[in-house]
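kindly generate the corresponding structure for this input.
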Amino acid sequence: MFPIKTTERVESWPIVTWLLIAVNVLVFSQQLTVDDPGAFIYRWGLVPANYPHLFSASAHTDLMTLEHLLPFVTCMFLHGGLWHLLGNMLSLFVFGPNVEDRFGRFGFLIIYLACGLAAGITQIAFAAGADIPVVGASGAIAGVMGAFFVMYPRARVVSVIPIIVIPLIVRVPAFFYLLFWIGMNVINALKEMQLSMNGTESAGVAWWAHIGGFAIGMVYAAILAKRKPRDPTND
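Predicted structure coming up:
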């Protein structure tokens with residue numbers, strides 16, 4: 001199921017949303033030019049194994065260097081492939097404008113980055129010791145989706161459901177769409193945790209990052225988002 005648009009009207013130009021999409025595309029284009037893409041990903045991606053003491057009293061010493069701090073931000077703008085990039089940018093294009101409309105441009109940027117940071121920390125917490133780099137805007141965008149879920153619970157998400165070769169276009173209530181999305185992430189995260197306990201190699205998808213970003217986005221929306229202007233036609 002692929003989202004196309006939401007049924008909620010946007011009152012302002014989503015400049016920050018478009019800017020974030022442009023930066024992600026630009027960074028990905030630069031990834032394609034590096035001599036050693038693997039080393040590049042390991043250098044700028046967020047590797048949980050590099051933060052073994054993040055939740056201990058000595059955490060501040062691990063984060064004192066720029067080398068340890070930068071990956072929390074740079075990982076949000078890297079992607080593992082073209083489809084990874086396109087999927088993330090589609091979700092940001094669909095849900096970002098409404099959330100930016102309610103938070104304001106600067107507030108939206110702060111929330112986006114904060115959700116991405118929370119996503120990275122969550123992944124480290126649940127995948128401690130993993131040496132697979134966490135890359136992608138998924139965690140930050142999950143926060144945007146979580147915020148949308150709180151602010152527009154009655155909205156509908158126009159989505160394409162591919163059925164063999166005939167695409168079916170439907171309007172799915174936001175509640176069901178996002179509940180299904182986060183539910184699939186929770187199920188996959190628990191499955192991967194079980195595989196890890198059995199000594200099976202991880203599939204490399206940062207499920208916990210998605211969950212962490214989504215949850216923080218919901219919290220921020222509930223506390224900080226501006227109320228939706230009342231429709232004068234309902235007076």
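
phi, psi for the residue lying closest to residue 71 once chain neighbours are set aside please.
Of all residues not flanking residue 71 in the chain, residue 46 sits nearest, at 4.5 Å (CB to CB, 6 or more residues apart in numbering). C-beta: built from backbone N, CA, C; applies to glycine. Torsion angles at residue 46 (phi, psi; degrees, to the nearest 10) stand at phi -100, psi 110.

per-residue pLDDT, residue 46?
On pLDDT, residue 46 comes in at 94.

buried sites along the helix or strand residue 179 falls within?
According to DSSP states H and E, residue 179 maps onto helix 174-197. Residues of helix 174-197 classed as buried: 174, 177, 178, 181, 182, 185, 188, 189, 192 (neighbour count, 16 or more other CB atoms under 10 Å).

and which of those residues is nearest to residue 129?
residue 192 (13.8 Å; CB to CB).

that older thread, now do the helix holding residue 179: which elements does it pack against?
Applying 3 or more CB pairs under 8 Å, 6 or more residues apart in numbering; DSSP states H and E, we find helix 174-197 packed against helix 138-151, strand 156-163, helix 207-224.

identify the residue spatially nearest to residue 82, adjacent ones excluded.
In space, residue 82 is closest to residue 28, 7.7 Å off (CB to CB, 6+ apart).

next SSE downstream of the lowest-mean-pLDDT helix or strand in the chain?
Lowest by mean pLDDT, DSSP states H and E among the helices and strands of the chain is helix 59-62, with a mean of 60. Once the chain leaves helix 59-62, the next helix or strand it forms, by DSSP H and E, is helix 66-69.

buried ones in stretch 12-24?
Quick answer for stretch 12-24 (16+ other CB under 10 Å): 14, 16, 17, 20, 21, 24.

possible to save the residues you listed as a markdown table with pLDDT?
Output for these, formatted as a markdown table (pLDDT from 0 to 100):
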| residue | pLDDT |
| --- | --- |
| 14 | 96 |
| 16 | 97 |
| 17 | 98 |
| 20 | 98 |
| 21 | 98 |
| 24 | 97 |
